[in-house]
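J.: For reference, the sequence and a predicted model appear below.
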Amino acid sequence: MNISRSARSFARDFAALTAAAVLTSVFAGPAAADEPTPTATAPATSEAPSTSEAPAGSEAPEPSTAPSSTQPENKPAAAQPQAEPAQRAQVAASIDLGDDPYPSNEDVHFKIKLTNTGGVTADGVYVYQLTDKPTDLNVPWGGWGDLSSGRGIKLEPDQSFELSGTGSIRDIRLDTVTVRAVLFDKTGFSVSPEFGASAKVTAAPGDASGIVYGDKNGNGSYDAGEKLTGIKLSLRYIHGDVTYTATSDENGTLTFNVPAADYYLGGDVVDGWLFPWRTVHIGKGTKLDLRGAPPLNGALKASMKFTQDSYKVGDTAHLTVTLANSGKTPLVGIVAECNRIGDPEILQGTGPGWGDLLWSRGVTIGAGETRTFDVTDTVPAAAFNRGFVVAACDFGYPEVDIENHAEASDQAAVPGGVGALAGEVEVYTDQGQVKHGVAGVKVVLTAEQACPVIGEQTTDEKGHFEFRKLVPGLAYKLYFLPPKGWKIKYDNPTSVDVYAPEDNPARLGIQAEEGDAPLPKVPTNPETCTAAASTTPSTGAASSTGGTGGGQSGGSGLASTGVDAIGLGALALLALALGGGLVVGARRRRRTI
């Protein structure tokens, strides 16, 4: 199999591409940068590790005295004095939940106090909260401040530290809320026993009601003859796994008697009606708009276009969004949902520049009407390494029937990045282990552009090949032409993604096996490509010195084609932006609101 060895593979790509990669192709992401490896992680279970052992993933410290290398092999080493184990940090911790009882619709306030009671510095101290019980407080991401994992504080002997925070009740049906935690330091060892506190909770009464109706005429409000009976809808508590369900009666009235709190409502298709997803606050006597919208039925069409061909990171990008309704019913409450796959170079579509297209607002597109909207967003930093910025959104009612939303996308170039790719053509065992590389394989790198051939390499004795000075973001392909008696086992050619920076190349492994197979037809460059490049050399052109990976290669890792890979690639990337040839395979994923 052609195996990606990218250590910086993205989870989003893995989920979408694993099946295809196993059967047919290679996905090569950039290799991970050299970053320090954490020595420990907090335990994955609710049981607090003892102070004598590290959490899962930690390594025990090595002995401070290595065995003597001068002892004869057939004679056991003499007993060596053992160094005293390093003194472990000891931190006393307490937490106060303030005055109880807490109403179920209010945040819980806590104060934690730490004191270093040991004789050594406690460095990188952080809180590992236990959250396996429904009574455990729901502290939001970052809610532990400097005591969050990945941050941590330093405490000298006898030094104390206090921090205040808030959290939400996880299960509003219960009468108790607790906080349970253990402290760890940067070594990965716990420096405190489990500690905690609890408080009482009282259910704050709440009730809400409204008429469930199907908005047949699309005017966004209830009219006579639109009531819907027997419709089941649910409230989902936003801070925990608690759901309340009710059904509309013969008058279309639906009533919830629930603890006062914030809930999610909707996101369901019931009897063909779309009930949009939204957040509602339930208190005493809350009135609910329980509108069911008619299905889109393909009436909504969408397009998006950047107003510039290229941007820099941090620029405010303008897009023109066009929405058209070909149906006979107005579409009320249409919103944009963007970047469902979570790629960092894709605009989020959640900032104020999206105006009424934000999920919490919505626009109306009249019957037979076409409307345009100017929206703005900031070009993210990740677009530089990717080579382009992307807008990829779907449009419809908030988080309901998203499979039938109208989709639109566009991209614009973010030039300046330089990337590379490297890999090996190898033979594998049945267990997936590398046996050896295959030398003498001609490797041709192409891109979808006017001058398609970027460069050529020939694998060395280890099967290695490498291409540098590449423009990120192009649609690259690698063609493999093995010597007689060898063939590529899977896709040939194979597609590959290239990211910046150049010192963190995309890496891939190509599986070869004995045998013969027809060679792929490799594109060729028109004569005008070589002629133009030879008369106008640039820094991206290959030099006359030998490169890595064997064969006659420039120092950049490109073959001596005479083509300026950086210059042509940048033009191709700009052309791609102009052509709008982006296809975004966005998985349908409900946004966490």
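T.: Nice, I can see it.
J.: where in this structure is pLDDT low?
T.: Across the chain, the stretches falling below the confidence threshold (pLDDT under 70) are 1-86, 530-593.
J.: mind giving me the domain split of it?
T.: Recorded structural domains for the chain (assignment: automatic domain parsing) are 91-202, 205-292, 301-413, 417-565.
J.: Could I get these in JSON lines, plus columns for mean neighbour count?
T.: All C-beta atoms are positioned from the backbone trio N, CA, C, and that covers glycine. As requested, the domains of the chain are arranged in JSON lines below (neighbours: other CB atoms under 10 Å):
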{"stretch": "domain 91-202", "mean neighbour count": "18"}
{"stretch": "domain 205-292", "mean neighbour count": "17"}
{"stretch": "domain 301-413", "mean neighbour count": "19"}
{"stretch": "domain 417-565", "mean neighbour count": "19"}
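J.: Which of the three states applies to the spatially most central residue of the chain?
T.: Centroid check for the chain by CA atoms, centre = their mean gives G342 as the closest residue, at 4.5 Å. Using DSSP: H, G, I helix; E, B strand; the rest coil, the secondary structure recorded for G342 is coil.
J.: same deal with D356?
T.: Using three-state DSSP, the secondary structure recorded for D356 is helix.
J.: Not counting its neighbours along the chain, what's nearest it?
T.: Nearest non-adjacent residue to D356, counting by CB to CB, 6 or more residues apart in numbering: V363, 4.8 Å away.
J.: The one you found against A336, yeah?
T.: No - between V363 and A336 there is no contact, the gap being 9.2 Å when judged by CB atoms under 8 Å.
J.: List the residues that are in contact with both of the two.
T.: When CB atoms under 8 Å, 6 or more residues apart in numbering defines a contact, the residues bordering V363 and A336 alike are L357.
J.: Show me the contact partners of the helix or strand harbouring A93.
T.: Element membership of A93, judged by DSSP states H and E, is strand 91-96. Contact partners of strand 91-96, identified using CB under 8 Å, 6+ apart, comprise 110-118, 122, 125, 155, 179, 181, 183, 191-192, 195-197.
J.: Surely S168 and F110 touch.
T.: No - counting by CB under 8 Å, S168 stays clear of F110, with 11.7 Å between them.
J.: got any residues that touch both of the two?
T.: For the pair S168 and F110, residues contacting each of them under the criterion CB under 8 Å, 6+ apart are L137.
J.: Remind me which helix or strand L183 belongs to.
T.: Secondary-structure assignment from DSSP H and E places L183 in strand 176-184.
J.: could you point out which element follows that strand?
T.: Proceeding N to C from strand 176-184, the next assigned helix or strand is strand 195-202, under DSSP H and E.
J.: Does A204 touch V258 like I think?
T.: No - between A204 and V258 there is no contact, the gap being 10.0 Å when judged by CB under 8 Å.
J.: what ranges do the helices span in the stretch 351-500 of the chain?
T.: Ranges of helices in the stretch 351-500 of the chain, per DSSP state H, counting those that start in this stretch, are 382-386.
J.: Where do the strands of it begin and end?
T.: For the stretch 351-500 of the chain, the strands defined by DSSP state E, counting those that start in this stretch cover 363-365, 370-378, 388-396, 406-413, 419-428, 434-437, 442-447, 453-458, 464-470, 476-481, 486-488, 494-496.
J.: Redo these as a markdown table? Include distance to E106.
T.: As requested, the strands of the stretch 351-500 of the chain are arranged in a markdown table below (distance: least, CB to CB, whole Å):
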| stretch | distance to E106 |
| --- | --- |
| strand 363-365 | 35 |
| strand 370-378 | 35 |
| strand 388-396 | 35 |
| strand 406-413 | 41 |
| strand 419-428 | 51 |
| strand 434-437 | 59 |
| strand 442-447 | 58 |
| strand 453-458 | 61 |
| strand 464-470 | 56 |
| strand 476-481 | 55 |
| strand 486-488 | 64 |
| strand 494-496 | 53 |
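J.: Of all the ones you listed, which one comes closest to G150?
T.: With distances scored as CB to CB, the stretch of these nearest to G150 is strand 370-378 (25.1 Å).
J.: which other residues reach the closest one?
T.: With contact meaning CB under 8 Å, 6+ apart, strand 370-378 is reached by 314-325, 336, 347-349, 351, 353-357, 363, 365, 391.
J.: Can you give the strand pairings for that strand, parallel or anti for each?
T.: Strands that pair with strand 370-378, judged by DSSP bridges, come out as strand 316-325 (antiparallel).
J.: Alpha carbons of the partner strand, as PDB, please.
T.: Taking only C-alpha atoms (Å, rounded to 0.1, in the frame of the first residue of the first chain), the coordinates of strand 316-325 have been written out as PDB:
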ATOM      1  CA  THR A 316     -10.000  41.300   5.600                       C
ATOM      2  CA  ALA A 317     -11.400  39.200   2.800                       C
ATOM      3  CA  HIS A 318     -14.600  40.300   1.100                       C
ATOM      4  CA  LEU A 319     -17.000  37.800  -0.500                       C
ATOM      5  CA  THR A 320     -20.100  38.200  -2.500                       C
ATOM      6  CA  VAL A 321     -22.700  35.600  -1.500                       C
ATOM      7  CA  THR A 322     -25.600  35.100  -3.900                       C
ATOM      8  CA  LEU A 323     -28.800  33.300  -2.800                       C
ATOM      9  CA  ALA A 324     -31.600  32.500  -5.200                       C
ATOM     10  CA  ASN A 325     -35.000  31.100  -4.400                       C
END
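J.: Quick check: end-to-end length of stretch 111-125?
T.: From its first residue to its last, stretch 111-125 covers 16 Å (CA to CA, to the nearest Å).
J.: Stretch 306-320 too?
T.: Distances were taken as CA to CA; on that basis the terminal residues of stretch 306-320 are 6 Å apart.
J.: Same question for stretch 395-403.
T.: Separation of the first and last residues of stretch 395-403 by CA to CA is 10 Å.
J.: how near is the nearest residue to A422 once chain neighbours are set aside to L508?
T.: The shortest distance from A422 to any residue that is not its chain neighbour, by CB to CB, 6+ apart, is 4.2 Å, and that residue is E466. Distance check for E466 against L508: by CB to CB, to the nearest Å, it reads 11 Å.
J.: Need the overlap of contacts for these two.
T.: Taking CB under 8 Å, 6+ apart as the contact definition, E466 and L508 share the neighbouring residues 421, 423.
J.: mind listing what E226 touches?
T.: 213-216.
J.: out of the strands of the stretch 351-500 of the chain, nearest to P295?
T.: Ranking the strands of the stretch 351-500 of the chain by distance to P295, with CB to CB as the measure, places strand 388-396 first at 9.7 Å.
J.: Compute the inter-axis angle for that closest one and strand 406-413.
T.: Strand 388-396 runs at 170 degrees relative to strand 406-413, counting by axes from the mean of the first three to the mean of the last three CA atoms, to 10 degrees.
J.: quick one: strand 388-396 to chain centroid distance?
T.: 16 Å (CA atoms, centre = their mean, to the nearest Å).
J.: For it, name the packing helices and strands.
T.: Counting contacts by 3 or more CB pairs under 8 Å, 6 or more residues apart in numbering; DSSP states H and E, strand 388-396 is packed against strand 300-306, strand 316-325, strand 331-338, strand 406-413, helix 565-579.
J.: 6 Å - rerun?
T.: On a contact count with 3 or more CB pairs under 6 Å, 6 or more residues apart in numbering; DSSP states H and E, strand 388-396 meets strand 331-338, strand 406-413.
J.: Out of those, which gets nearest to K301?
T.: Checking those against K301 by CB to CB gives strand 406-413 as the closest, at 5.6 Å.
J.: The strand holding A93 pairs with which strands?
T.: The sheet places strand 91-96 alongside strand 108-116 (antiparallel), with pairing taken from DSSP bridges.
J.: got a list of contacts for the strand it pairs with?
T.: By CB atoms under 6 Å, 6 or more residues apart in numbering, the list of residues contacting strand 108-116 from outside reads 91-98, 102, 122, 137, 155, 157, 159-167, 177, 179.
J.: Just give the strands next to whichever helix or strand comes after the strand holding A93 in its sheet, each with its orientation.
T.: The element immediately downstream of strand 91-96 (helix or strand, assigned by DSSP H and E) is strand 102-103. Strand 102-103 pairs in its sheet with strand 195-202 (parallel), by DSSP bridges.
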